[in-house]
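Q: quick one: sequence plus predicted model below, questions after.
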Amino acid sequence: MTRKITRAAARIKLGLQERLYLGNLEAKRDWGFAGDYVEAMWRMLQAERADDYVVATGETHSVREFAELVFGRLGIQLSWKGEGVNEVGLDSANGKVVIEIDPRYFRPAEVDLLLGDAAKAKLELGWEPKTSFSQLVQMMTDADLACAEREQRANG
């Protein structure tokens, strides 16, 4: 879902797309950077004995928060109007709807909160994530903006 948000927001910023359709804005996830997780896996492989570890940031952020940071990175301040499936995200500068809720994206067995505890990985492997949530959002947004700019040049 994170990539869906960053790609759509970049395309909206450049006028290549009008709206982003999402499901549950209140779902909270423990999002982390794959590069940090690969380092954790490498450390597991270096350990003297195999064991199970949780690899996580220990922080949760909602889908809404993720979207707000992404659009904000692109200079689009979001405001929200309505409730539930009728809620929309607006570009505060012009009042244009940029996010709509689509019930098809609600998961039947939605888990409202996913949060990991990587204390064992820190204690036994010396691992902890280095990339913050805001850094992750910046990296993803910047990369997808560059992709959208290439798309715009190719089509235009």
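A: Yep, that arrived.
Q: packing partners of the helix or strand of the chain with the lowest mean pLDDT?
A: Across the helices and strands of the chain, mean confidence by mean pLDDT, DSSP states H and E is lowest for strand 28-29: a mean of 94. Judged by 3 or more C-beta pairs under 8 Å, 6 or more residues apart in numbering; DSSP states H and E, strand 28-29 is in contact with strand 61-62. (Glycine included, C-beta is placed from N, CA and C.)
Q: what's in contact with the strand it packs on?
A: The contact list for strand 61-62 (C-beta atoms under 8 Å, 6 or more residues apart in numbering) reads 25-29, 31, 133.
Q: re earlier: touching the least confident helix or strand of the chain from outside, list them.
A: 60-63, 112-115.
Q: again, but for stretch 89-104
A: By C-beta under 8 Å, 6+ apart, stretch 89-104 touches 9, 12, 18-23, 25, 67, 71, 76-81, 84-88.
Q: so what secondary structure elements neighbour the host helix or strand of Thr6?
A: Assigned by DSSP states H and E, Thr6 belongs to helix 2-13. Helices and strands touching helix 2-13, by 3+ C-beta pairs under 8 Å, 6+ apart, are strand 20-22, helix 63-73, helix 133-155.
Q: before we move on, back to that, filter the contacts of stretch 89-104 down to the buried ones, PyMOL style.
A: The buried residues among those can be selected in PyMOL (16 or more other C-beta atoms under 10 Å) with this line:
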select buried, resi 9+12+20+22+23+25+67+71+76+78+88
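Q: ok, the contacts of strand 61-62 vs Asp142, which is closest?
A: When the contacts of strand 61-62 are compared for distance to Asp142 (C-beta to C-beta), Phe133 comes out closest, at 15.0 Å.
Q: before I go, just wanted to say thanks for your time.
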